[in-house]
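K.L.:
my questions concern the predicted model and sequence given below.
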Amino acid sequence: MGLLARGAAGAAAIAAAGLVALYFVPEEEAQLASAAWFEGKVGPFGEDGGFADFLREQAGETVELDVTLESRQFSGAADRLVLFEECDVENAKPDRRWCGGSEYRVRGAAIRREGPLWRLRGRFQVRELPPDGRWRIYELLAK
């Protein structure tokens, strides 16, 4: 005889009947439920709210992101985010020739425009790639 119960009422019925309910969560779902989370506004030159440090610490892990950028702070394309962190030339427009920072290559998702902001949202596997001079390179693979 099978017993199907749904929701709180079903759980109460099972408990009242003296039955034990076991729930099995596939390993992949359990890992996804425990993904580290970063939410916030990201900008260049240390105005990233800890975004670069967060991804550095989470390299090799799955993370949830909800990141916004102002248009004037965004440098990149729909599949790439570049954050300048240091420059040798003062008061100049940031440029890869004399600046360093982090580059995030987004695979399987896009950085989307939402009014005056750009947004990157979703679940990603973080991979740290070999650096390129003064640039740390990361891949964000959509899950």
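P.N.:
The structure has been received and is ready for your questions.
K.L.:
now for the lengthiest strand in the chain, which elements pack on it?
P.N.:
Longest strand of the chain, by residue count under DSSP state E: strand 117-132. Counting contacts by 3 or more Cβ pairs under 8 Å, 6 or more residues apart in numbering; DSSP states H and E, strand 117-132 is packed against strand 62-70, strand 99-107, strand 112-114, strand 135-142. From N, CA and C alone the C-beta is placed, and that goes for glycine too.
K.L.:
other residues contacting the second one?
P.N.:
Among residues not part of strand 99-107, those counted as contacts by Cβ atoms under 8 Å, 6 or more residues apart in numbering are 44, 52, 55, 76, 78-88, 120, 124, 129, 132-142.
K.L.:
quick one on the thing from earlier: could you export the helices and strands packed on strand 117-132 as JSON lines, including distance to G40?
P.N.:
Output for the helices and strands packed on strand 117-132, formatted as JSON lines (distance: least, Cβ to Cβ, whole Å):
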{"stretch": "strand 62-70", "distance to G40": "7"}
{"stretch": "strand 99-107", "distance to G40": "15"}
{"stretch": "strand 112-114", "distance to G40": "15"}
{"stretch": "strand 135-142", "distance to G40": "16"}
